[in-house]
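[1] One predicted model, sequence on top.
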Amino acid sequence: MFRTFAIGALTSLASLTVSASSADTRGASAVADAWIGHEASDLLMQWPVDRGFQQTELGDGVTAYEYHFGTEAYHAVGSNTTLGAGPTPGGVMQTVSYYDYWVPAQTHCVVVFFANRDGIIDNYKFNGSKCRPYMSGWGRPKNS
């Protein structure tokens with residue numbers, strides 16, 4: 001079922017394999033298998049393309065649709081306040097601590113669908129330890 005493609009702009013296509021827990025792999029594979037034979041335009045209408053998505057022309061009429069699922073990087077800033085008994089009877093002591101740190105992005109799943117020159121999905125690859133929740137959430141084709 002897998003073919004060899006020129007990698008072009010795809011970030012990690014060569015290293016994509018099915019490498020997840022068996023339950024996760026079965027669930028993700030079932031969703032991906034359901035897209036085989038469907039139009040890529042249906043995939044683009046149903047699955048998100050606003051972030052973590054890249055479309056690449058691989059040559060010979062083959063197009064790759066790559067999805068990265070996970071958490072985005074963010075900057076965390078805030079404070080914690082602790083109240084407790086003070087050093088004098090009836091006194092109140094307050095401690096305030098501040099935090100400021102960067103949380104890096106995490107990729108949980110990468111899935112790449114391949115469409116032929118007619119725009120029909122005929123292959124896929126995926127990798128990740130948490131593909132099933134993302135792939136199941138976006139689902140199988142809604143049209144037949």
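    Done, it's in.

[2] Quick check: which element contains the residue nearest the centre of the chain?
    What sits nearest the mean C-alpha location of the chain, by C-alpha atoms, centre = their mean, is F69, with 0.9 Å. Under the criterion of DSSP states H and E, F69 resides in strand 62-71.

[3] helices or strands up against that strand?
    With contacts taken as 3 or more C-beta pairs under 8 Å, 6 or more residues apart in numbering; DSSP states H and E, strand 62-71 sits against helix 40-46, strand 53-59, strand 106-115, helix 131-138. In short, each C-beta sits where N, CA and C put it, glycine included.

[4] Would you mind telling me which of these is nearest R26?
    R26 lies closest to helix 131-138 among the helices and strands packed on strand 62-71, at 8.2 Å (C-beta to C-beta).

[5] Just the C-alpha atoms of that closest one, please, in CSV.
    Output of helix 131-138 as CSV, limited to C-alpha atoms (Å, rounded to 0.1, in the frame of the first residue of the first chain):
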residue,chain,number,x,y,z
CYS,A,131,-3.2,9.8,16.9
ARG,A,132,-6.5,8.2,17.6
PRO,A,133,-8.2,11.1,19.5
TYR,A,134,-7.4,13.6,16.8
MET,A,135,-8.2,11.4,13.8
SER,A,136,-11.3,10.0,15.4
GLY,A,137,-12.4,13.5,16.3
TRP,A,138,-12.1,14.8,12.8
